[in-house]
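> can't give you the sequence, but here's the structure:
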C-alpha cells in the first residue's frame, strides 16, 4: 500500500470518527444551549481540518474537483468561524444549529466511511454506496437551510455594516451555490449507481 493511500485512510478514518462524535452528541443532547456549548469548538476544529481536502484536490492527491471541494469547505468554514463562533446567540438559540449539525455529521460520517472502505480496497457495501449517493437529497436542504438561516440572523444582529454587507452578499450566493452542489451530486449519483 502506498504512502498516499495510508495517509488518506488515516485522514478519512479520523474525520469519520470526529463527525461520528458530533452526530452522537447531536442525537443525545436535549437542549440547544448545551448542544452549542458542548459542540461549537469541536465542530469548528473538525470542519477546519477539512481545509486539507482543498489541498488534496489541488495537488492531485485525490481526484475531487477543486472548485466544488473549495465551495463546500469554504462555506462551511465561514459558517463555523464567522457565524457560529462569531455570533453564539444565533447558534445557541433555536433548532437550526442542531439541524445543520445533524445534516453535516450524518453526511460526513457516511462520506468518510465510504472513502475508507474504498481506500482499503474492499468492495463498498451496496447500502453504504446507496447512502453516500442518496442521503444528500434530504441532508443538503436541511444543512443548507440551517446555514442560510443562521447567517441571515447573524446579518440581522450585527452592528458592523461591513460584516452585514458580507453576510448578505454570501446569502445571495447560497442559491446558485446550492444548485451547483445539488446538481453535482445528482450527476455523481447517476454515474456511480448506474455502474452498480
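The structure has been received and is ready for your questions. All figures in this text were calculated on a predicted structure; none of them were measured in a lab.

> Please identify the buried residues of the longest helix along the chain?
Scanning the chain for the helix with the most residues, using DSSP state H, yields helix 161-195. Neighbour counts using 16 or more other Cβ atoms under 10 Å place 166-167, 170-171, 174, 177-178, 181, 184-185, 189 of helix 161-195 among the buried residues. Backbone N, C-alpha and C define where each C-beta goes, glycine included.

> Check stretch 126-140 too.
Neighbour counts over stretch 126-140 (16+ other Cβ under 10 Å) mark 129-133, 135-136, 139-140 as buried.

> how about the helices in the protein?
Counting by DSSP H, one finds helices in the chain at the ranges 3-28, 32-49, 51-59, 66-78, 88-92, 96-120, 126-132, 136-157, 161-195.

> Tell me which of these is the most buried.
helix 96-120 (a mean of 21; mean count of other Cβ atoms under 10 Å).

> rewinding a little: the buried residues of stretch 126-140 into JSON lines, with extra columns for distance to residue 40 and pLDDT?
Converted to JSON lines, those look like this (distance: Cβ to Cβ, whole Å; pLDDT from 0 to 100):
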{"residue": "129", "distance to residue 40": "33", "pLDDT": "96"}
{"residue": "130", "distance to residue 40": "32", "pLDDT": "96"}
{"residue": "131", "distance to residue 40": "27", "pLDDT": "97"}
{"residue": "132", "distance to residue 40": "27", "pLDDT": "96"}
{"residue": "133", "distance to residue 40": "30", "pLDDT": "96"}
{"residue": "135", "distance to residue 40": "24", "pLDDT": "97"}
{"residue": "136", "distance to residue 40": "25", "pLDDT": "96"}
{"residue": "139", "distance to residue 40": "21", "pLDDT": "97"}
{"residue": "140", "distance to residue 40": "22", "pLDDT": "94"}
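
> Can you tell me which of those residues is nearest residue 116?
Closest approach between these and residue 116, by Cβ to Cβ: residue 132, at 11.7 Å.

> wait, what's in contact with that closest one?
For residue 132, the contacting residues are 110-111, 114, 192, by Cβ atoms under 8 Å, 6 or more residues apart in numbering.

> What separation do you get for the closest residue to residue 128 other than its chain neighbours and residue 82?
Nearest residue to residue 128 in three dimensions, chain neighbours excluded: residue 114, at 5.6 Å (Cβ to Cβ, 6 or more residues apart in numbering). Using Cβ to Cβ, to the nearest Å, residue 114 is found at 29 Å from residue 82.
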